[in-house]
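1. 3D, please:
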Amino acid sequence: MSPITDYYASGQGIISNASNEEDKRINYLWFSSDADAVKNLGFTLVAGRDIDIYNFPTDSSAVLIDEAAVNSLKLKNPIGSTIEGVDSKWTVVGVIKNFIMDSPFGKNQPTIILGPKSWFDVIHYRLNPARSTSDNLKTIEGIFKNIILNTLILTILLIRCFKVNSKKHRQLVQLQCSLPG
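-> So this is what the prediction gives:
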């Protein structure tokens with residue numbers, strides 16, 4: 001979706017049971033997380049808990065919302081409420097304090113952080129302050145090498161399973177195999 005320092009995804013049509021037709025036009029910023037967003041990104045939890053897919057498997061459809069979203073969605077008791085939008089139904093597990101994305105002088109846009117049922121195209125890392133930068137970077141490098149290696153293995157398995165023979169597909173596989181790693 002978006003890195004926490006900027007927003008690439010936003011949209012309208014997020015509703016709750018208390019929403020009316022006009023509320024469908026309110027714009028929300030969207031982010032996504034699988035676990036530990038509050039801890040790793042420094043949010044202040046106002047109510048409820050963080051998204052935690054590891055201890056709560058149903059959190060795949062969980063959502064954190066900020067105080068502005070609570071107001072926009074007209075939620076009196078947000079924890080456990082269901083909201084609809086972004087092609088799904090989501091259960092509110094936590095409320096975070098509003099945070100500034102744009103100008104501190106502008107109006108805060110309501111923000112929702114969707115659970116892992118949404119899509120991911122950004123990885124956030126919180127570096128361990130007790131370790132050196134070079135040690136932290138080696139850890140990150142190892143993670144990326146594993147991702148690229150797993151992609152390569154999956155590609156080889158797909159070739160074998162589907163016996164991909166066309167020139168176009170071989171070129172695509174060669175491109176994937178040539179990624180740095």
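
2. where in the protein is pLDDT low?
-> Scanning the chain for pLDDT under 70 picks out 1-9, 119-125, 148-181.

3. separation between the most centrally placed residue in the chain and Phe105?
-> Residue closest to the average C-alpha location in the chain (CA atoms, centre = their mean): Ser32, at 1.5 Å. Counting by CB to CB, to the nearest Å, the gap from Ser32 to Phe105 is 28 Å. All C-beta atoms are positioned from the backbone trio N, CA, C, and that covers glycine.

4. mind listing what's buried along the longest strand anywhere in the chain?
-> In the chain, with assignment by DSSP state E, the single longest strand is strand 88-96. Buried residues in strand 88-96, defined by neighbour count with 16 or more other CB atoms under 10 Å: 90, 92-96.

5. do stretch 38-54 as well
-> Buried residues in stretch 38-54, counted by 16+ other CB under 10 Å: 38, 41, 43, 48-53.

6. and stretch 102-109, by the same measure?
-> Buried residues in stretch 102-109, defined by neighbour count with 16+ other CB under 10 Å: 108-109.

7. please enumerate residues in contact with it?
-> Under the contact criterion CB atoms under 8 Å, 6 or more residues apart in numbering, stretch 102-109 has outside partners 10, 27-29, 66, 68, 98, 100-101.

8. which among those residues count as buried?
-> Buried members of the contacts of stretch 102-109, counted by 16+ other CB under 10 Å: 10, 28-29, 66, 68, 98, 101.

9. what about those, which are in helices?
-> Ala68 (DSSP state H).

10. would you map the strands across the chain?
-> Using DSSP E, strands in the chain cover 10-11, 28-32, 45-48, 62-66, 82-85, 88-96, 111-114.
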